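> Below is the sequence, then the predicted model.
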Protein chains: 2
Amino acid sequence: MANIGFIGLGTMGRPMAGHLLAAGHRLFLHNRSPVPEDFVKKGATECASGADVARQAEIIITMLPDTPDVEIVLFGPKGVAEGLTAGKIVVDMSTVSPMATQTFARRISKMGCSYLDAPVSGGEVGAKAAKLTIMVGGESETFELMRPIFELMATNITLVGKNGDGQTAKVANQIIVALTIQAVGEALLFASRAGADPGKVRQALMGGFASSKILEIHGDRMIKRNFEPGFRIELHRKDLNLALEGARKLNLSLPNTAACQELFNSAVAHGGARWEHSGLVQILEVLAHHQIGKQD
Amino acid sequence: MANIGFIGLGTMGRPMAGHLLAAGHRLFLHNRSPVPEDFVKKGATECASGADVARQAEIIITMLPDTPDVEIVLFGPKGVAEGLTAGKIVVDMSTVSPMATQTFARRISKMGCSYLDAPVSGGEVGAKAAKLTIMVGGESETFELMRPIFELMATNITLVGKNGDGQTAKVANQIIVALTIQAVGEALLFASRAGADPGKVRQALMGGFASSKILEIHGDRMIKRNFEPGFRIELHRKDLNLALEGARKLNLSLPNTAACQELFNSAVAHGGARWEHSGLVQILEVLAHHQIGKQD
């Protein structure tokens, strides 16, 4: 059993850390708000800072909202870097910038430590069920050391490549998911406005070349008007920002990603920051002045 | 066994009609260019016009390139309508305008005949293997009469709704397929330009929420640079035109469908009319001055 630090006990981090504790690992926790009592009751140690976590644990996992949060927790005052000694492993499971990740990894490596970027997909449901997908960037030796710990949280674990490549894969994932939601939204809206039953259209298309997890699950949400999270628009908007910010730095043109982000912006303007991301279709519906499934 | 007329023996029509002949139906054929000899050798009858086909067959199937072709073959000089008598069935398996289809169906119905719109997906490979998907609009009695004949060509057959709804489902299918190709293209291009291995990224994403038939098959084509048809860009461009023309008539805004069509336009400008539709990614690559899998 290992001494594992876990920083960031939000919607995702809390169930993920819970699995590690349940498996018998010694946990050293730090969080912006106080660490939930049940962790402490079950023997986890609350630490006053990231530096404190890094002094006591051999493996330090971060699960934070965005790039600046990771930078502060790792390298800010009383951050993880202050407590690190050579040979320790830092694993960032947040979804953050691939380019910033390369910098973080270089700085950690210079201290004689190892770094993995290991962002996840699968959302709160996947985190609770320990059925996440993890996309990893870093050295294969470190990856193999971490694999048994990843397996406590995930069913689908891939070493994509070097540091940053895990985050790059996550950005690619978020591009595809967002743009496929929009694809299904435009298609079902066309079908509905043309007078067809969108449920029947979805059914006719499943199993063919248009079939996808998004058509299956989010197509159904659009038809049944179920936009309770699930994964929230404000978070997907943050992730597409990583894509578009990265694209700008790489001089890369991503026309439909950019257009989709504009619809996320509009969704937030309509009070939809906390809508399920398939609720994006409601902005297409605003544009069309037509709701899927309703007669005009 | 029925007397079946089949008009349009192109890439799709030829194998489809072949399955009907092989099952023992009597075929009455008409085509712009002469009917292939092997059909005549196997007992099919070549007819001089659509009217001639309609006089001899009880069921008349059309499989033609575009809306104006269907209109001329049905209602032009020596067209199907001239040879129809009450009680016959007209089945248009072409991919054409849902709105025009509603008009065609009304005109045929007024003659005491039945009309089905029954466009297919699955391409030449699906047609040859008799594994097409058929999306049908029309009366359920007519659909049930036609079902055994459809089953000679397809494995996935759905009655979507009334006349036009089959074509509407096909348009929805083509929107999703095109936009998912672009989604996968933008994602793999981001991954490649950011320095990751796009094949590894694709592998990490399969099985998660980004998974789709398009990521599986066309993502692989993009990585392996295999843009031989498959389904051609010039045909997919025609189908998105049905979507955008329909959207204009319905006052419907489809931003990513419109943007994707602009890339198809550019693909044709680059000599890509006959590229496989996943070759759309090459226009994103032109914009980025970067090819997937190559180091910058």
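Cool, the structure landed.

> where along the stretch 1-150 of chain A do the helices fall?
In the stretch 1-150 of chain A, the segments counted as helices under DSSP state H, counting those that start in this stretch are A:13-22, A:37-41, A:50-56, A:67-75, A:80-83, A:98-109, A:123-128, A:140-150.

> Show me which positions of the first one end up buried.
Residues A:G13, A:R14, A:P15, A:M16, A:A17, A:G18, A:H19, A:L20, A:L21 are the ones in helix A:13-22 that count as buried (16 or more other C-beta atoms under 10 Å in any protein chain shown). The C-beta positions use only the backbone N, C-alpha and C, and glycine is treated the same way.

> so what's the first one up against?
With contacts defined as C-beta atoms under 8 Å, 6 or more residues apart in numbering or on different chains, the neighbours of A:G13 are A:F6, A:I7, A:N31, A:M63.

> how close does A:K128 sit to chain B?
Distance from A:K128 to chain B, counting by C-beta to the nearest C-beta, to the nearest Å: 16 Å.

> so A:Q291 touches A:I283, yeah?
No - using C-beta atoms under 8 Å, A:Q291 is not in contact with A:I283, being 11.8 Å away.

> which of these two has more neighbours?
A:I283 (24 against 17; other C-beta atoms under 10 Å in any protein chain shown).

> Tell me which residues touch that one, please.
So A:I283 contacts A:L263, A:S266, A:A267, A:H270, A:G272 (C-beta under 8 Å, 6+ apart).

> Can you tell me which of these has the most neighbours?
In those, the most neighbours by other C-beta under 10 Å go to A:L263, 25 neighbours.

> Which helix or which strand is home to it?
helix A:255-269 (DSSP states H and E).

> That helix close to chain B?
Yes - for helix A:255-269 and chain B, the contact criterion (C-beta under 8 Å from any C-beta of the partner chain) is met by A:P255, A:N256, A:T257, A:A259, A:C260, A:L263.

> wait, doesn't A:R221 sit right on A:F227?
Yes - at 6.7 Å, A:R221 and A:F227 qualify as touching, with contact defined as C-beta under 8 Å.

> mind listing the strands in the stretch 151-296 of chain A by residue range?
A:154-161 (DSSP state E, counting those that start in this stretch).

> just the helices in it please.
Using DSSP H, counting those that start in this stretch, helices in the stretch 151-296 of chain A cover A:165-193, A:198-205, A:213-224, A:233-249, A:255-269, A:281-288.

> will you turn the ones you listed into TSV that also has mean pLDDT?
Shown next, in TSV, are the helices of the stretch 151-296 of chain A (pLDDT from 0 to 100):
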stretch	mean pLDDT
helix A:165-193	98
helix A:198-205	97
helix A:213-224	97
helix A:233-249	97
helix A:255-269	98
helix A:281-288	98
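
> Please work out which of the ones you listed is packed deepest.
helix A:165-193 (a mean of 30; mean count of other C-beta atoms under 10 Å in any protein chain shown).

> tell me the angle that one makes with helix A:98-109.
160 degrees (axes from the mean of the first three to the mean of the last three C-alpha atoms, to 10 degrees).

> For A:L284, give me its contacts.
A:Q182, A:G185, A:E186, A:L189, A:L263, B:S253, B:L254, B:P255.

> and if we set it to 7 Å?
When the contact criterion is C-beta atoms under 7 Å, 6 or more residues apart in numbering or on different chains, the partners of A:L284 are A:G185, A:E186, A:L189.

> what's the first one in contact with, if anything?
Contacts were defined as C-beta under 7 Å, 6+ apart; by that measure A:G185 touches A:M222, A:L280, A:V281, A:L284.

> which one is the third one nearest to, not counting chain neighbours?
Read that as A:V281. A:G185 (3.6 Å; C-beta to C-beta, 6 or more residues apart in numbering or on different chains).

> Then the first one?
When the adjacent residues along the chain are set aside, A:M222 lies closest to A:V281, with 4.9 Å between them (C-beta to C-beta, 6+ apart).

> from what I can see that neighbour touches A:I223, true?
No - using C-beta atoms under 7 Å as the test, A:V281 is too far from A:I223 to be in contact (9.8 Å).

> Give me the common contacts of the two.
With C-beta under 7 Å, 6+ apart, A:V281 and A:I223 have common neighbours A:I292.

> what about A:P65, how many residues close to it?
The tally of other residues near A:P65 (other C-beta under 10 Å) stands at 16.

> roughly how far apart are it and chain B?
20 Å.

> what does the stretch 1-150 of chain A put close to chain B?
A:P98, A:S121, A:G122, A:T133, A:M135 (C-beta under 7 Å from any C-beta of the partner chain).

> The contacts of A:G13 into JSON lines, with extra columns for distance to B:A54 and pLDDT?
Listed next are the contacts of A:G13 as JSON lines, based on distance: C-beta to C-beta, whole Å; pLDDT from 0 to 100:
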{"residue": "A:F6", "distance to B:A54": "74", "pLDDT": "98"}
{"residue": "A:I7", "distance to B:A54": "75", "pLDDT": "98"}
{"residue": "A:N31", "distance to B:A54": "76", "pLDDT": "95"}
{"residue": "A:M63", "distance to B:A54": "68", "pLDDT": "98"}
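
> any idea how far A:V40 is from B:G112?
Counting by C-beta to C-beta, to the nearest Å, the gap from A:V40 to B:G112 is 81 Å.

> Give me the more crowded residue out of these two.
Neighbours were counted for A:V40 and for B:G112 using other C-beta under 10 Å; A:V40 has more, 14 against 11.

> thought the more buried one was touching A:N31?
No - judged on C-beta under 7 Å, A:V40 makes no contact with A:N31 at a distance of 11.5 Å.

> Quick check: beta-bridge partners of A:S114?
Assessed by DSSP bridges, A:S114 has beta-bridge partners A:I89.

> What is the neighbour count of it?
Other residues close to A:S114 by other C-beta under 10 Å number 22.

> My read is that it contacts A:E139, right?
Yes - using C-beta under 7 Å, A:S114 is in contact with A:E139, at 6.4 Å.

> Tabulate the buried residues of helix A:13-22 (a markdown table), appending pLDDT.
A markdown table is the format used below for the buried residues of helix A:13-22 (pLDDT from 0 to 100):
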| residue | pLDDT |
| --- | --- |
| A:G13 | 97 |
| A:R14 | 97 |
| A:P15 | 98 |
| A:M16 | 98 |
| A:A17 | 98 |
| A:G18 | 98 |
| A:H19 | 98 |
| A:L20 | 98 |
| A:L21 | 98 |
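
> Can I get the residues you listed in TSV including distance to A:F143?
Below are the buried residues of helix A:13-22 laid out as TSV (distance: C-beta to C-beta, whole Å):
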residue	distance to A:F143
A:G13	21
A:R14	25
A:P15	22
A:M16	18
A:A17	20
A:G18	23
A:H19	19
A:L20	17
A:L21	23
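
> Adding distance to A:G246 and pLDDT, write the residues of the stretch 1-150 of chain A next to chain B out as JSON lines.
Putting these into JSON lines (distance: C-beta to C-beta, whole Å; pLDDT from 0 to 100) gives the following:
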{"residue": "A:P98", "distance to A:G246": "6", "pLDDT": "97"}
{"residue": "A:S121", "distance to A:G246": "17", "pLDDT": "93"}
{"residue": "A:G122", "distance to A:G246": "22", "pLDDT": "90"}
{"residue": "A:T133", "distance to A:G246": "20", "pLDDT": "95"}
{"residue": "A:M135", "distance to A:G246": "15", "pLDDT": "97"}
